[in-house]
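A structural model of the following input is requested.
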Amino acid sequence: MLSRWSVLFPLPMLLFAVEGCSAAVAPAEAAPKPNVIVVLVDTLRADHIGTYGYKKRATTPNLDAFAAGGMVWDNAVSQNAWTVPSVASLFTGVDTQAHQTLNFRKGERLATDTIADCHDTMAESFKSSGYTTAAFIKSTVISTSHGFSQGFDKFEVVGGKDQAWGYSARDLNDAALPWLTGQLKAGTPFFAYLHFMDPHSPYKAPEPWYSKYKGTYAGKLDGAHVGLEDAFKAKTVSAADWEYMLALYDAEIEYWDTEFGRFWKELQAAGAAKNTIVVLVADHGEAFGEHQNVFHGNLYQENIHIPVIFRGPGVKQGRMKGYSQLIDVVPTLAELSASPKGRTWQGKSMVAAMGGGAGHTNPVYSEYAGHRMAIEPSTGLKLILGDGDAKLYDLPNDPSERVNLHGARAADALRIKTQLQSRFSAGQALSKQCGAGKSEAMSAEQCEMLKALGYVEVDKDCGEIKNDDDGHQD
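I've put the predicted structure just below:
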């Protein structure tokens, strides 16, 4: 840890910081460190969760009960609209431009960017503070080859290439819960990261959830993303098709919620409520035809408005109304657990905001494949650049982002653009200072999963890929 930090900061500065920390609280006086568990639910839209106002179906009774005892971040924004860069931002506390873990494509071969060593991950922060660390992952695109394993004592990718189907959440719980309950009984502080794949496409929840939501639909779609995207491109998706696919997406959420209920019940039985902070987040959302898009991959709210829920010691119950970002999670946890803050982190601790103080005053930010977005907290105005014509939306009065005000409110757009560009440039400057991780070839298992999830078109042996026109991921 020290050798990596000293690349960016002189050794005397590091020694001063370490000495200052050690002198502040004598070991005998230090409070017990809380355990920390971060649960990420891949592709979970905030607006399909009961505690975020979803009423069409009872998708999340267990999560809603959990949220009632914690702090709900009402306006959290992901830093990217797909998994790899979003999770890299969660882990490192920096924007996409800063960590540059952007793509899984390299020429005509399948490869991935990796997190540069100089970024201090949340696992490394907890490890340096005396925590035992572990990760249980159901997505092979979040793996050791990406540098995500930095700081973890245990890093387990659960299951095989079919892990996005069937009883995915159950499989992850089966792998993680014995370790978690064992650590709780042992009484030594630990940090754990769990990455659930549900409700990512294909939307094929196990029984009885699939049949419960399938209804009387008799169309051609079956819950697979590829079929929906092909029909969408051909402009043949009917109202019944949309309702069916949304219902199957909700079926996946309800199935995951059942397993979350099991997860929380077993943790409570093992004593987690005494000294364990649990955080629920998503990496991005999902689109079902809104703004002429399916799947995930643009910067509208259905893709970047994510749930963030904190619960545990030091966390008040209630709702945080101010705007926040996914990169704020790691500095918030560092403050709650008295763990060291990473030297490159751009996120801001929300501990004061969760206690009633102010959140962000500068715009919150996200990007995807050359598109950039900023929301001004004081006005709720949202600017999107790089996705065709510039767009400006008034989120408080137009939450569905239907009326583009860019031409009518040019001064507002220019003000936010200036701040957006400053944030973008800051990330680029940090990347140049830090350096980029090297691109590495992906394993056959990772390639097969990308193929199954509809991200890339690959040949039978996953040896080559077909690039999009712009060279970016789908």
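
where along the stretch 1-150 of the chain do the strands fall?
35-41, 71-77, 105-106, 109-112, 132-137 (DSSP state E, counting those that start in this stretch).

That should have said the stretch 151-300 of the chain, apologies.
Using DSSP E, counting those that start in this stretch, strands in the stretch 151-300 of the chain cover 154-157, 190-196, 276-282, 287-288, 294-295.

so who does Leu326 touch?
76-79, 86, 89-90, 281, 283, 306, 308, 347 (Cβ atoms under 8 Å, 6 or more residues apart in numbering). From N, CA and C alone the C-beta is placed, and that goes for glycine too.

picking up where we left off before, out of the strands of the stretch 1-150 of the chain, which is closest to Arg423?
Of all the strands of the stretch 1-150 of the chain, strand 71-77 sits nearest to Arg423, with 12.3 Å by Cβ to Cβ.

who touches that closest one?
By Cβ under 8 Å, 6+ apart, strand 71-77 touches 46, 51-52, 281, 304-311, 315-326, 328, 350, 354, 364-366, 375.

Given it, what are its sheet partners and their directions?
Sheet partners assigned to strand 71-77 using DSSP bridges are listed as strand 305-311 (antiparallel), strand 318-325 (parallel).

Roughly how far does the residue nearest to Phe136 when sequence neighbours are not counted sit from Val158?
Excluding the flanking residues, the one nearest Phe136 by Cβ to Cβ, 6 or more residues apart in numbering is Ala176, at 4.0 Å. Distance, Ala176 to Val158, using Cβ to Cβ, to the nearest Å: 8 Å.

Also Thr181?
Note on Thr181: its distance to Val158, by Cβ to Cβ, is 17 Å.

of the two, who's got more company?
Val158 (22 against 16; other Cβ atoms under 10 Å).

Wait, that one touches Ala169, no?
No. Between Val158 and Ala169 there is no contact, the gap being 10.4 Å when judged by Cβ atoms under 8 Å.

what's the overlap in contacts for the two?
Counting by Cβ under 8 Å, 6+ apart, the residues touching both Val158 and Ala169 are Lys138.

so Val39 makes contact with Leu280?
Yes. Counting by Cβ under 8 Å, Val39 does reach Leu280; the two are 5.0 Å apart.

how many other residues sit next to Pro206?
Pro206 has 17 nearby residues by other Cβ under 10 Å.

Just give the nearest non-adjacent residue to it, would you?
Tyr167 (5.2 Å).

same check, this time on Gly427
Gly427 sits nearest to Gln97 (Cβ to Cβ, 6+ apart), 3.0 Å away.

related to what we said a few turns ago, buried ones among the contacts of strand 71-77?
46, 51-52, 281, 304-311, 315, 320, 322-326, 328, 350, 354, 364-366, 375 (16 or more other Cβ atoms under 10 Å).

Next one: His225, what pLDDT does it get?
Predicted confidence (pLDDT) for His225: 80.

If you could redo that for Ser400, that was the one I meant.
97.

what's the answer for Asp257, then?
Model confidence at Asp257, expressed as pLDDT, equals 98.

from what I can see it touches Ala58, true?
No. Contact between Asp257 and Ala58 fails when scored by Cβ under 8 Å: they sit 9.2 Å apart.

what residues are up against Val157?
Counting by Cβ under 8 Å, 6+ apart, Val157 has contacts 137-140, 143.

Spatially nearest residue to it (excluding sequence neighbours)?
Val157 sits nearest to Ile137 (Cβ to Cβ, 6+ apart), 4.9 Å away.

wait, that neighbour sits on Lys154?
No. Applying Cβ under 8 Å as the test, Ile137 and Lys154 come out as separate, 11.0 Å apart.

quick one, which of those two is more surrounded?
Taking other Cβ under 10 Å, Ile137 and Lys154 do not tie; Ile137 has more neighbours (27 against 13).

How about the more buried one: which residues does it bridge to?
With DSSP bridges as the rule, Ile137 is bridged to Val157, His195.

residue contacts, it?
143, 155-158, 193-195.

And it, how far from Asp257?
20 Å.

circling back to that earlier point, how many residues are close by the residue nearest to Phe136?
23.

Might one say that it is in contact with Tyr193?
No. The criterion here is Cβ under 8 Å, and Ala176 misses it with Tyr193 at 9.6 Å.

which neighbours do those two share?
Joint contacts of Ala176 and Tyr193 (Cβ under 8 Å, 6+ apart) are Phe136.

Between the two ends of stretch 372-380, what distance do you get?
Start to finish, the residues bounding stretch 372-380 are 16 Å apart (Cα to Cα, to the nearest Å).

Could you pull out the buried residues of it?
Neighbour counts over stretch 372-380 (16+ other Cβ under 10 Å) mark 372-377, 380 as buried.

gap between Gly435 and Thr276?
In terms of Cβ to Cβ, Gly435 sits 36 Å off from Thr276.

would you turn the strands of the stretch 1-150 of the chain into JSON lines with mean pLDDT and distance to Arg262?
Conversion of those to JSON lines gives the following (pLDDT from 0 to 100; distance: least, Cβ to Cβ, whole Å):
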{"stretch": "strand 35-41", "mean pLDDT": "98", "distance to Arg262": "13"}
{"stretch": "strand 71-77", "mean pLDDT": "98", "distance to Arg262": "22"}
{"stretch": "strand 105-106", "mean pLDDT": "44", "distance to Arg262": "38"}
{"stretch": "strand 109-112", "mean pLDDT": "49", "distance to Arg262": "33"}
{"stretch": "strand 132-137", "mean pLDDT": "97", "distance to Arg262": "15"}
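
Serialize those strands to CSV and add fields for distance to Lys185.
Shown next, in CSV, are the strands of the stretch 1-150 of the chain (distance: least, Cβ to Cβ, whole Å):
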stretch, distance to Lys185
strand 35-41, 12
strand 71-77, 27
strand 105-106, 45
strand 109-112, 37
strand 132-137, 13
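
Asn293: which of the ones you listed is closest?
strand 71-77 (17.5 Å).

distance between the ends of stretch 148-166?
End-to-end for stretch 148-166, by Cα to Cα: 26 Å.

Same question for stretch 42-49.
14 Å.

Stretch 343-353 now?
Across stretch 343-353, first to last residue, Cα to Cα, it's 22 Å.

Cool, thanks, talk later.
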